[in-house]
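Participant: here are the coordinates; sequence isn't available:
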């Protein structure tokens, strides 16, 4: 399954106008993360998570998600959880499709989607494309968000960067609203390289005999290298120079196990690496 959908919505239709429903009490875990962008020791190891409710109504959330194991790769879902933000998936796909953030939209909220003005999100299957949580990211060095082509469960976050969630109601792929927070981290230099490696499978699992695709993206990189795979045998071919700034490579493991692939990016501002994990059953 290679589709990313994350859904949330909550608005009522009154006299032809969309007005926000009352927001449930915040479910943010105060023992995890903290408000604002990542600073201090977390500036280049954590990621900043932004949740913009848009037409659902409610105050935009901006929280630092510290990495409990600096240097270790994290998924977008882990970043939300480490920030203390409540996240729920669908009954069919689990957290492969995010359905609610901070309990929005709740099961009782009316979401006036085109063609069904009384729709309520039950979080059973994939939410409709006309009412879902769109997923964005940024590396922290600029001011622009990028729509993610991967779901948060199988995307590796960029340390020092931003993870954005913005509720999209009756929009299209070209009009999905970006989070209304500038994704700029002062600690990230303009020449600092960033790189992210992802497995192109919803749950990062395949059956022995199948192939999958590793996808990477980078910024400020002059060279990219498939640095290693651990364990060293059984995970398929992963070595040598890679396309800059991004690309894909098909992997065909030859043995069952859990494999970690590492990519290294080098640029004028130094070097950095990212990992992705695949389980072969």
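Facilitator: Nice, thanks for sending it over. For clarity, every value in this text was computed on a predicted model and none was experimentally measured.
Participant: please make it C-alpha for all contacts and neighbour counts, starting now.
Facilitator: Noted.
Participant: name the helix or strand for the closest residue to residue 268 other than its chain neighbours, please.
Facilitator: Leaving aside its chain neighbours, residue 268 sits nearest to residue 191 (6.2 Å; criterion: Cα to Cα, 6 or more residues apart in numbering). For residue 191, there is no host helix or strand (DSSP states H and E).
Participant: quick one: residue 191 and residue 222 touch, right?
Facilitator: No. Assessed by Cα atoms under 8 Å, residue 191 is found out of contact with residue 222, at 10.7 Å.
Participant: now for these two: what residues contact both?
Facilitator: Both residue 191 and residue 222 are contacted by 267-268, under the criterion Cα atoms under 8 Å, 6 or more residues apart in numbering.
Participant: what's the pLDDT at residue 5?
Facilitator: On the pLDDT scale, residue 5 is placed at 35.
Participant: and what of residue 19?
Facilitator: Note on residue 19: pLDDT of 37.
Participant: now do the one 4 residues further on
Facilitator: Residue 23 is assigned a predicted lDDT (pLDDT) of 48.
Participant: now the one 5 residues further on
Facilitator: The pLDDT attached to residue 28 in the predicted structure is 93.
Participant: wait, it sits on residue 86?
Facilitator: Yes. Applying Cα under 8 Å, one finds residue 28 in contact with residue 86, separated by 6.1 Å.
Participant: what touches both of these two?
Facilitator: Common contacts of residue 28 and residue 86 (Cα under 8 Å, 6+ apart): residue 102.
Participant: contacting residues for the nearest residue to residue 193 once chain neighbours are set aside?
Facilitator: Closest residue to residue 193 apart from its sequence neighbours, by Cα to Cα, 6+ apart: residue 220 at 4.5 Å. Counting by Cα under 8 Å, 6+ apart, residue 220 touches 191-194, 267-269.
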